[in-house]
Structures are given as structure tokens and as C-alpha cells.
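Chemist: sharing a model that was predicted from the sequence below.
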Amino acid sequence: MSEELSSNKNRPLKRPNPEDLDFCAIDSAGCSRLTAWRSKSKQKTVLTTAIDVFKSDVVGSSSVLENKNKGKLVEANISIFSNPAPSGAHFGLLCNRLPLTCGYYSTSQEQSDDDIEADTDLQGNDVFNSEEDEVLGEEDKDLGEEEFSSQENDFSSQENDIPLYSGSPITVIESVILVLVFFLKHSLTSACLSDLLTLIKMHCTLPNFCPKSVYLFKKFLACQQKVDNIYYCSTCYTTHKNAYSVCPQCKSVQLKDCNFINQLSASNQLKSILERPGVLHSINDNKVKHVCNSGKICDLYDGRVYKKFKEEHGNDNNLTFMWFTDGAALFKSSNVSIWPLYLAINELPFVQRFKPQNLILVALWVGERKPDMNLFFRCCDNFLNDVGKGLSVVVNGVSHFVKEHILCGTCDLPAKCSILNMIQFNGSYGCAKCLQKGETYKEQGATKARCGRVQVYPFEETIDKPHRTHMATMNHAKEACNKKSVVFGIKGPSQLSLYVPDIIRSTGLDYMHGVCLGVMKKVLSLFLDPTYSKSDFSLLKFRTLIDQSIQSISVPHMFQRVPRSVNLIKNWKASEFKNFLLYFSVPVFRPILNGTYFEHHMLLVYGISILLKENISHSELVLAEHALWHYVYLFQQLYGKRHMSANVHNLLHLADSVRDLGPLWASSCFGWESVNGFLIKCVHGTQYVQTQINAAISTHICLPLWIAKLSHPNMQLFCANIMKSVRYK
């Protein structure tokens, strides 16, 4: 035995990562009850237990440790301080941050420095990066339950109603919720959260139940939704239940990891949302509020699509959803984008409708290519099968039965054409609302390098071109499948037609992309384009004056963005173009723009302003329709056929879109853009993006329910005040 100890004593001492060392508290006498080093290496797990390492006046002593796993005695040399150990209840917590040298003996392969360094890198990830947690969780299972059975951190029994420590005014769950709210408010990193938990623990008397690590903190808040992977072939888009290397259908080899779409449990998310205090009450109040509107269009409920749905499904327990999907760049250094498929509850008040905690994430796609929309929307099948027969929710002990239906949706033009399975907007029959074919315009001076061909939609007196209808579109899709060719712009059936009552009228026209980023940006660019400096509408020589006029405007606090110079027009956001169109353009253009062009621009401002009102009467809707009709009619005469784009053409359909789905703001992408910003903000690593986002969504859905369980009103007030200023964009 002595020879074995001697041989091990001469072994080179490896310096472990301080973050991997878990010390229990050392009492005032300086005695250690338990010192554990848990290695996070995937190759092995070493658990060394030391008893009586420290004596009250002895430092750097040598102790004989018993390795429980191997049944061998080893000698550990521990040197922490050159001075006597300080007394105090929190001495052990301080040890975690101080240098330590530990010698150990193991018959298994030693942990490499690369493993230790890799473990340290995990500290910088966000609390919602749960993939590393899964790896850590497996190791914790291997360690057994005694790792977490200490008196200070026993979360295995989920005793969340006990005081944080003896005499504490708050419980464990209340402490964790308050820390979580603080974390979300200030967007803390995982390393910062770890230090915050340690700091809080040092302020509490012993024993206490403070979570001592980020892992335990996240484990305590575990509410992650069930996720199913839908594997598909990137060549033929055939779906499969399991991962594969060669597609069974087309026999193509998957060069990378098998492609898949994350399908989340939408029914569980909906149940969690409806069972939160006040949500079902807000829905019922909002329904009563919009029963009588004196014939005015105030929201989506006043549109023809919703009214027809109510006539066919006259049940007050029905809930309807609006779908949304849009791609957003995930990383600046790659082409990877994220495509979420969301559902919003239409019956919620508009101010609550698009909050992240009230949205349902049905599916998530991450990749360098755009998703196949028929495959993507197929993820709605399971959700509709689950809730189509009805969903029972319990609120305040009362059971409520609700049925759900997808009613409408919105997105930008490229995504809309893909979802409807039709030709893109820059092709023949590219309009999703009518059957105007359009024509190809060839620019003068075109070269081989630049063909100069664009798709335009010239104004035609007979604007009542055959409008697309649901039945006609279904027939065109069948004909396209039989002929294996495009029929009136339709390439085939759309998966969306299985979920919505009318695939044409239920798909809204988004004014954010069409008007703000489309028409307004185009017109302002024409005014300042040097190519048209000799045109009557050119304002190139007034560029400096325009900037001075914009900078002199003092905007109210309700404006989220201060007006910027037109020199930065390429960097303007959609909200900046909206503000310029509705509020700034008239006083800025009036003294410098030609009278004819100014009056023409006023038609656009007048028409869009009416369609964005909170209450739109029938007569006002007719006036807006006529104003936009004249605007498109004159646009071709003033700016030429070359600029009669799909966005200008769609101005003719905006009034009908309001009749179908309510004011433009009710089906706009403005409410959804901050949601994509929220998702991007949840990603803090390039690996397992879907898992990170799923964890974040689950937490935000559960958070309001947790806050409602806080016992003290001051705690609820603190959470309410601090969450008001949380922005997701």
C-alpha cells in the first residue's frame, strides 16, 4: 500500500478547471464535510471524496482519500492558501474562484487539457442553449443521485414551496422566477448568470436551497416542449420518420447530416397559453366588444372572411388562428436563415396578439435553402388532428372546451408565391389576387451582361380582371398536375388549401413589404436617383434641403426611430418608410416637388391613411379605393411603364383585402417582425439552433404563469414593471 501511495505521489499534478470543482460550504471551524471534483469529460467521470481535508489551523495538509469507484486508496495534495483558512460560513464558495492544485490517481485514461479547455468554453453560452445541458445531464445521471443530494441543493424532489433559507420571506420558486425575469430583462450571458447565482448564494445563510449552477437553475425551470423531427430528402422532399444517409425514394445520397424540420407540440403550447390567468377572460371580453360595430371595420373580426366563418361555425367556443412565416438571417458570416411557422390567436386583443408568450410555434426550419412550403405547412397536420376535435382547458377550476381553426395568414410576396405554389410575382400571372398576365418590359440600352427585362403590370381600365377564387384556383392546381405545366400561374396544389376556408381571400396583402418597402421606397429612390436628374420629378438638387427638413422635425416619444438622412436610405427600416409616408413626406415635399407629382403623392398618403384607421366606414373605404385607383392610373403616365411593378399593381387590391381581413394593420407583418428578432436573440451558438429556440419559447410561454403564482404583490409588481421594457427587436 505504501509503495502504491509513493508511486502515485510522484505523479505529475494536473491542474483541473476551477469551474469543474464543486465545494460544499466550510463551517466556521474550517472543517470540510465534503469536497468533490466532478470531471465533465465525455471520456470518463472521476469523483473523489475527501474527509477532513482542512483542519482549523492547518493548510496544505496531505489527506488519504478513498476512491469509492475503484476501491483504492490515493493521496491528494491540496494547497489552497499559504495562510490559515479564514473562518466564515461562505469560505467554501470562495474556494471555487481561487487557485487549487489537486493530485489524483485513476486507472482510466487521464483527461486531456483540450477537454478541460472545451468545458470552459461552455460557460459563455446562453442559459437557453440547452444542447450542452443534455450532455451534462447524461453525465449527471452517471454520477448517481448523491451528487445532488446535499442539504444545500436538493432539487430532485422539486420542493419549490419551501423558504429559500430558514426565515426567508420568499420561497425557492419565487427566487428563481425573480432571477429569471432579471436575466431576460438585461439579456445576461450564461457566465454572468452563474456569477449572479453564486453572489446570491453568498448572501444567504446556511443551509439554503439556492441553485448553485446554471445547469441546476435551468433544470429547475424545465418546461421544454416535446419536439419531433421530420426528416426529408433535400432532392425529392420526401419525408421519413428516421434519419438516413440514402433517400429510400430517389436514392440520392445526403452529403451532409440528414435534413429535418422541428415539429413542436402546438397543442401543449395552446393549452399553456389559455390556462394562464386572464387570457381566456381577455378573449371573451374581446368577442363581446366586437359584436356591435355599427357597420365599421375595426379589426379582423369585421372582415368578410371571419364573418363567413362565424356563419358556418356559429359556436362561441371557436378560436381562429393567423399563420405567419418569414425567413431571417441567423448569422452574419453565413447564409443560414431561420424560418419559423407561427400561429397567433385572432380573438386576443391586438395589443396582446403578437407578444411572444401568446404565439404558438408550430415548426422551425433552419438552413441555407428556403424550405419547401408544402412540406413545411404539413407540420400543421398533427396540430389540427389534436385540437380539431376540441381542446379542454381548466381555468380557476372551471373546465372550458374550445375548438380551433386556421383562418388566415400573411407573409411577403416571395414567400406567398411559394406557399400558394404559384409563379413568383416577377413572372406571368404572378399576381395572387387576379388573373392579369402582365408583360415583360425591355429597357433601353440593354446589353448581354444586363438583359434589362423586368415583369410589369400595366394599368388596364378593366381593373375587374377575373379575380382569383378558391374554387378556380383548386381547379387550376388539378389541371396543372394533369398537364404537368403551369396553369394561370398555378404550379400545383397548395398544402395551405387544406387548412384555410379560402386560400385567396384568407391570404392577406402585407403593406409593410408592399407599400413601405415597396412603393414608398421606390418613389423616394426615383426622386433621388441621378439617372433621372433631368426628369420633372427629380429632387436630386434638393437632397440637402430634404435632409435639413427631416432633421428639423421633432417626433413624439411614440416613434421608435428618429428620422435619418436620405443618404442612408438603403439602410432605412420599414417603420422609417412608413413614418416618412404618413407623417414627414407631405411637409417635406410640398415646397420642392412639382405640383402634379405632389398631388399624385397625396393620393397615396390619403388612401393608405384611411386603410390604417382603427375604424373604417364603408364610405371611407370607397374613397380610399378610388384614391389608390387614380394613383395607379397616373403612376404609369408620370413615371412610365417600366416602374409598374407588382407592388404598385397590388395597390388596386388593398381595399378588397381590408374588406376581407380588416384594416391593413390587422394582417400586417409589422407585428411579426419583432418575433423573428426575438428568435434570433435566443440563439447564442451555431450548434443545435432549434433546441435553443425551443427552450426559449417554452420558457416565455410558462413565464407569465410562474409570475402569477408569486405570493407577494410586490414581487408581481416588480416582474410586471421590469418586463414592460423588454424589447425583442
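Modeler: Good, I have the coordinates.

Chemist: where does the stretch 51-200 of the chain have low pLDDT?
Modeler: Low-confidence segments of the stretch 51-200 of the chain, defined by pLDDT under 70: 51-160.

Chemist: likewise for the stretch 351-500 of the chain?
Modeler: 387-388, 445-451, 461-465.

Chemist: where do the strands of it begin and end?
Modeler: Taking DSSP state E, counting those that start in this stretch as the test, the strands found in the stretch 351-500 of the chain are 359-367, 391-395, 398-410, 439-442, 453-456.

Chemist: of the ones you listed, which is nearest residue 649?
Modeler: Residue 649 sits nearest to strand 453-456 of all the strands of the stretch 351-500 of the chain, at 8.5 Å, using CB to CB. Backbone N, C-alpha and C define where each C-beta goes, glycine included.

Chemist: paired strands for the closest one, with orientation please.
Modeler: In the sheet containing strand 453-456, its partner strands are strand 439-442 (antiparallel), by DSSP bridges.

Chemist: contacts for the strand it pairs with?
Modeler: Applying CB atoms under 8 Å, 6 or more residues apart in numbering, the contact partners of strand 439-442 are 451-456, 458, 641-642.

Chemist: pick out the most distant pair among those.
Modeler: Based on CB to CB, the longest span within these runs between 451 and 458 and measures 19.8 Å.

Chemist: of those two, who's got more company?
Modeler: The neighbour comparison of residue 451 against residue 458 (other CB atoms under 10 Å) goes to residue 458, with 13 against 10.

Chemist: for that one, give me its contacts.
Modeler: 438-439, 636, 641, 644.

Chemist: pLDDT wise, what is the residue nearest the centre of the chain at?
Modeler: Closest residue to the average C-alpha location of the chain: residue 679 at 2.5 Å, with CA atoms, centre = their mean. At residue 679 the predicted local distance difference test score is 76.

Chemist: how about the helices in the stretch 451-600 of the chain?
Modeler: Shown for the stretch 451-600 of the chain, the helices assigned by DSSP state H, counting those that start in this stretch span residues 470-483, 511, 521-528, 543-551, 574-579, 585-589, 595-611.

Chemist: pick the most deeply packed of those.
Modeler: helix 511 (a mean of 31; mean count of other CB atoms under 10 Å).

Chemist: which elements pack onto that one?
Modeler: In terms of contacts (3 or more CB pairs under 8 Å, 6 or more residues apart in numbering; DSSP states H and E), helix 511 is packed against no helix or strand at all.

Chemist: outside of it, which residues touch it?
Modeler: Where contact means CB under 8 Å, 6+ apart, the residues beyond helix 511 that reach it are 608, 611-612, 654, 664, 668.

Chemist: for that helix, what is the distance to the chain centroid?
Modeler: Computed by CA atoms, centre = their mean, to the nearest Å, the separation of helix 511 from the middle of its chain amounts to 22 Å.

Chemist: quick check: mean pLDDT across that helix?
Modeler: Helix 511 carries an average pLDDT of 94.

Chemist: and the nearest residue to residue 615 once chain neighbours are set aside, what pLDDT?
Modeler: For residue 615, the nearest residue in space outside its immediate sequence neighbours is residue 296; the separation is 4.7 Å by CB to CB, 6 or more residues apart in numbering. Per-residue pLDDT puts residue 296 at 89.

Chemist: ends of stretch 363-377, what's the gap?
Modeler: End-to-end distance for stretch 363-377, by CA to CA, to the nearest Å: 8 Å.
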